[in-house]
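*Asks:* Need a 3D model of the following:
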Amino acid sequence: MSYREAIERRFGDGGPSGQGVADNDFIHRVISRKTVRRYSDAVPADELLDLLVAAALSSSAKSDFQQASILRIEDPDRRAAIGKLFPSMPWIGLSPVLFVFLGDARRLQRVGELRDKPVRNGTLEGFFNASVDAALAMQTMILCAEWLGLGVCPISVIRNEIDKVAAILELPDLVFPVAGLCLGYPHGEGYVSLRLPRRLTTHRDHYDDGALAEAIDDYDRRRNAVHAIPREQQRSNAEFGEAEFYGWSEDKARQAAKAEGAAFPPYLRSHGFSFD
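*Replies:* Numbers count the residues shown, from 1 in each chain. Modelled structure (predicted):
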């Protein structure tokens, strides 16, 4: 598949096609990547998983603070307990491997204590830096795992049950889950999710969303043509009513209107973060 074909499949927006750039298999794979929620029973070897962890922890890190930690959940009771929290997402409990990527603001504060320096890392900056470090590590593992033929599915929903998840994982203060990551060998084909048109998400010299309404309407209809949301999956119909046309923007507006992760801020404040 050429860059042009891969980019058209991902965006379908008539934008730049990569023409004239030398072929690179890694970039092809990134543009064509798929989220995988169904896995074969084969469990990746520990040596392979260790390699993926090493790759993830080789990611960029803010100021070399290295505020990401990675937790692999192997204990079946812990796996089952987390899986039961999210019955609509059975892959959380059933995937061959489950990692949790942690924002770790604790370690830097403890280093300050060891060196008798006044480090207070429960600030907004500390939280932000640790979150970004963990996200970079997770994305690096995702790309490396996919390159090796594995499939993955990020799990941000674990933050919605932060108190229970943190108790199951026995997380100390200043350490928090950014997301989980299901991982295994794919069972069946996934699909390439159509992304927003690049004229909305790519800017030069200044930010401009003047064409938002028109571009979103076009995107909704193009995405609906290739991956329509079934009528029975419309969100919050009791509150918002059933939509005749239910595109991506209607779905995401309804989802965002019903605030998720309400327990996350109070959990963080009660476990070492002041966000000063």
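*Asks:* Which parts of the chain are helices?
*Replies:* Using DSSP state H, the helices assigned to the chain run over residues 3-10, 25-31, 46-56, 76-85, 91-94, 106-114, 124-147, 162-169, 198-201, 212-226, 237-240, 248-257, 264-269.
*Asks:* out of these, deepest packed?
*Replies:* helix 124-147 (a mean of 20; mean count of other C-beta atoms under 10 Å). Just so you know, the C-beta spots here come from the backbone N, C-alpha and C atoms, and that holds for glycine as well.
*Asks:* chain center to that helix: distance?
*Replies:* 9 Å (C-alpha atoms, centre = their mean, to the nearest Å).
*Asks:* Stretch 193-205 now?
*Replies:* The answer for stretch 193-205 is 19 Å, by C-alpha atoms, centre = their mean.
*Asks:* Stretch 102-112 too?
*Replies:* With C-alpha atoms, centre = their mean, you get 22 Å for stretch 102-112.
*Asks:* same check, this time on stretch 163-173
*Replies:* Taking the mean of its C-alpha atoms, stretch 163-173 sits 20 Å from the chain's own mean (C-alpha atoms, centre = their mean).
*Asks:* Which strand runs longest in the protein?
*Replies:* strand 175-184 (DSSP state E).
*Asks:* by how many degrees do that strand and helix 162-169 diverge?
*Replies:* 70 degrees (axes from the mean of the first three to the mean of the last three C-alpha atoms, to 10 degrees).
*Asks:* show me the contacts for P172.
*Replies:* 106, 271 (C-beta atoms under 8 Å, 6 or more residues apart in numbering).
*Asks:* redo that, cut-off 6 Å
*Replies:* R106 (C-beta atoms under 6 Å, 6 or more residues apart in numbering).
*Asks:* Likewise for the one 10 residues further on?
*Replies:* With contact set as C-beta under 6 Å, 6+ apart, C182 has these partners: 91, 95, 98, 153.
*Asks:* Return the subset of those residues lying in strands.
*Replies:* Short answer: the contacts of C182 in strands (DSSP E) are 98, 153.
*Asks:* Now the residue nearest the centre of the chain: closest residue in space that isn't a chain neighbour?
*Replies:* Per C-alpha atoms, centre = their mean, the C-alpha nearest to the average position across the chain is that of P154, at 4.5 Å. Closest residue to P154 in three dimensions, ignoring its sequence neighbours and counting by C-beta to C-beta, 6 or more residues apart in numbering: A179, at 5.1 Å.
*Asks:* what about S95, how many residues close to it?
*Replies:* 25 (other C-beta atoms under 10 Å).
*Asks:* wait, isn't it in contact with Y39?
*Replies:* Yes: at 5.4 Å, S95 and Y39 qualify as touching, with contact defined as C-beta atoms under 6 Å.
*Asks:* any residues in contact with both of those two?
*Replies:* Joint contacts of S95 and Y39 (C-beta under 6 Å, 6+ apart) are G184.
*Asks:* neighbours around D276, how many?
*Replies:* D276, neighbours per other C-beta under 10 Å, totals 9.
*Asks:* need the contact list for it.
*Replies:* Here D276 is in contact with T123 (C-beta under 6 Å, 6+ apart).
*Asks:* rerun at 7 Å
*Replies:* Going by C-beta atoms under 7 Å, 6 or more residues apart in numbering, D276 touches 123-124.
*Asks:* Okay then, goodbye and thanks.
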